[in-house]
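Q: Model the following, please.
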Amino acid sequence: MPRIRLDLAYDGSGFAGWAAQPGLRTCQGELERALATIAREPVRVTVAGRTDAGVHASGQVAHADVPVAIAADAAERPQRLAHRLSRLAAPEGDLVVRAASVAPAGFDARFSAVSRSYRYRIVAGPADPLERRTAAHVPQALDVDAMRRTAAELVGLRDFAAFCKPREGATTIRELRAFSWAHEGQLLTASLTADAFCHSMVRALVAACVRVGEGRLGLAQAVALLDERRRSSLTGLMPARGLTLVEVGYPADDELAAQAERARARRSAADLDA
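A: Numbering: from 1, shown residues only. This is a model prediction of the structure:
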């Protein structure tokens, strides 16, 4: 069956996460229902990065193997297909298919990706009701310079076990390529890019920086967590509502299949010494 690529955005407030779950409204569940309505048969959707309940996306990517007729629509009338899927999946407008296209050969939304970028927003100080769905709230001012220094020390190819919820058989070795903080008034924004993130990693990394910014955790303590081999209670976990997946990066079309093969190879501690 031909494969299509779907570029998505959603407000995660009304969804129980990305992954389909019986009896719950999820992004995957609603999108697969919409595709099944058009295809008149079940369609499975694979996503670049699963998001938890309450997490948002402005640059999510997925793929689906579909009947020829739907692929033809993606080739000939892509905006019509995108609009139809959006309307069927979320009449409320909180999930939008921004683009639908025929996927290049070898494309896999998850395994062909070379990077994921997230943004985390915090209101530090008096609460702002206009930000209650898209930003976490910290009641006091934070030491942003200390948070920036902490973020810089965490960048690199590391074992982030202390910052991840464990999943059986999954590696916690990731390459965190960028981690920075911007500050405008009482709004703080963290920007993070990695080859991939393990479960809850972004929210734990941000939480560690916030604890440093509050003076509850020293910079050296936060960095020392990289030596831990299990999730640490010192990091905490920031609320889901402040987190948005903003971009998924892919290589050139002729590198998609090769990248997918590389990504399927499980990293080990030996990679850290390479």
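
Q: could you pull out the strands for the stretch 51-200 of the chain?
A: Using DSSP state E, counting those that start in this stretch, the strands of the stretch 51-200 of the chain run over 56-65, 95-102, 115-124, 136-138, 156-159, 173-184, 187-194.

Q: Quick one: closest of those to Asp7.
A: With CB to CB, the closest approach to Asp7 among the strands of the stretch 51-200 of the chain belongs to strand 95-102: 4.2 Å. All C-beta atoms are positioned from the backbone trio N, CA, C, and that covers glycine.

Q: Adding distance to Ala34, write the strands of the stretch 51-200 of the chain out as a markdown table.
A: Formatted as a markdown table, those follow (distance: least, CB to CB, whole Å):
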| stretch | distance to Ala34 |
| --- | --- |
| strand 56-65 | 10 |
| strand 95-102 | 9 |
| strand 115-124 | 24 |
| strand 136-138 | 31 |
| strand 156-159 | 39 |
| strand 173-184 | 32 |
| strand 187-194 | 30 |
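
Q: Between those strands, which one is closest to Leu219.
A: strand 173-184 (13.5 Å).

Q: Paired strands for the closest one, with orientation please.
A: strand 156-159 (antiparallel), strand 187-194 (antiparallel) (DSSP bridges).

Q: now that strand against strand 115-124, angle please.
A: Angle, strand 173-184 to strand 115-124, by axes from the mean of the first three to the mean of the last three CA atoms, to 10 degrees: 40 degrees.

Q: got a list of contacts for strand 173-184?
A: 115, 144, 147-148, 151-152, 154-160, 188-198, 201, 205, 209, 267-269, 271-272 (CB atoms under 8 Å, 6 or more residues apart in numbering).

Q: shaky segments in this structure?
A: 266-274 (pLDDT under 70).

Q: Do a quick rundown of the helices in it.
A: 27-39, 68-76, 78-89, 144-154, 201-214, 219-224, 256-264 (DSSP state H).
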